[in-house]
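J.: Here is the input, now give the coordinates:
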Amino acid sequence: MANPLDGFQVDPGAIEYVGLDLQRPECILAERDGTLWSADARGGVMRISPDGTQELIAQVESGSFAGAADDADRFTSGTLPNGLAFAANGDLLVSNFGTDRLERMKRTGESTVMVDQIDGQPIGKVNFVLRDSRDRIWLTISTRIKNWMQAVNPNVGDGYVALLDEKGLRIVADGFRFTNEVRLDANEEYLYVVETAGPCITRLRVREDGSLTDREVFGPSDLGGPPDGIAFDAHGNLWGTLVMVDKLFYLTPEGDMRVILDDGD
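T.: Take a look at the predicted model:
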C-alpha cells in the first residue's frame, strides 16, 4: 500500500498559531473536543479551549523560569513541567524536569508526587511520561547529572527508561544519550526512544512483562540534528522534530527519513 505522505510537504504559509503568551510549551495533549493542554514553565499547564480561551492551572504559580538570571538557573532549578500524559481518570501526569520527579495533577491544580527516587537514589532529570493501554507508565530520564546541559553530549550515555506498573518502578533500559520522548506503536510491540544527543531514534521490542529487548537504531543513525518530540500517525509514520535546526521530519514504517519542513530553506 502506498504511503499517503509520499511527496507531501508542509507549506510554511499555511501554518497557524494556537495559544498566546505560553512559557516553554514543551508538551501538548489534545482531547477529542479540541481542548489542548500545554506544559507551562509557571508550574503547571495551560488549558486552551476550542474557542481559544486560556486558563493557567498550577498548584502554585512560579515566576522562576522567566525571572532566572541565566540559563543554568532557569533550566535546573524550580518547577519545570515537561512531558504530559493523561491518567485513566483524566488527571494529568507531569514529568517535572525542574523538581526531578513524576507528579500527578488534578485539573483544578492540586498535585501529588508519584515518584522521585529509584532504587533508593534520586531519579534524575525526568523528561517524558507515557501511559499505555494496560495503564502502565513509561518514564524517560534524560540524565543523572543535575545540570542536564552538561549531558547533551554524544559522549554521555547515562539516560534511561523506567517502567511503573503493579510491580513498582524499575529501570527497563539504560545507556541512552539524553533520553527524550518515547512512543509505542499501534500494537504496542515496540517502544521508540528519542536519543537527543544520538542524534537518533532507538527502538526496543516490548515483552509481555514490560521488559525490553532487541535494541536497534530505527532510521538514520544521525538525523542531522537533535531530535526531541515524536508521534505516530494512523499510517505508522513516525513524525519528529529536530529542535535545534528547526526541521520537521517523519520516518516511514520502513525507517526511511523524509524532511517535510525546513525553516532554513
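J.: Look up phi and psi at the residue lying closest to Ser133 once chain neighbours are set aside.
T.: Closest residue to Ser133 apart from its sequence neighbours, by Cβ to Cβ, 6 or more residues apart in numbering: Glu188 at 6.3 Å. Backbone N, C-alpha and C define where each C-beta goes, glycine included. The phi and psi values for Glu188, taken as degrees, to the nearest 10, are phi 50, psi 40.
J.: count of residues packed around Glu188?
T.: 12 (other Cβ atoms under 10 Å).
J.: my read: it touches Val206, true?
T.: Yes: shown here, Glu188 and Val206 form a contact pair, counting by Cβ atoms under 8 Å, at 6.2 Å.
J.: quick one: Pro227 and Thr202 touch, right?
T.: No: Pro227 lies out of contact with Thr202 (Cβ under 8 Å); the separation is 10.6 Å.
J.: For these two, work out which one has more neighbours and name it.
T.: Pro227 (26 against 23).
J.: Glu181: what's it in contact with?
T.: By Cβ atoms under 8 Å, 6 or more residues apart in numbering, the contact set of Glu181 is 83, 127-128, 140, 194, 228-230.
J.: Of the residues you listed - the most surrounded one?
T.: Val194 (30 neighbours).
J.: Need the three-state assignment for it.
T.: Following DSSP: H, G, I helix; E, B strand; the rest coil, the label given to Val194 is strand.
J.: Can you name the next helix or strand after the helix or strand harbouring Ile171?
T.: Element membership of Ile171 [criterion: DSSP states H and E] is strand 168-176. Using DSSP H and E, the next helix or strand after strand 168-176 towards the C-terminus is strand 179-184.
J.: Okay, angle between that following strand and strand 168-176 too, please.
T.: 120 degrees (axes from the mean of the first three to the mean of the last three Cα atoms, to 10 degrees).
J.: So in that sheet, which strands flank strand 179-184, and in what orientation?
T.: With DSSP bridges as the test, strand 179-184 is paired with strand 190-195 (antiparallel).
J.: hmm, back to that, now do the shared contacts for Pro227 and Thr202.
T.: In contact with both Pro227 and Thr202: Glu195, using Cβ under 8 Å, 6+ apart.
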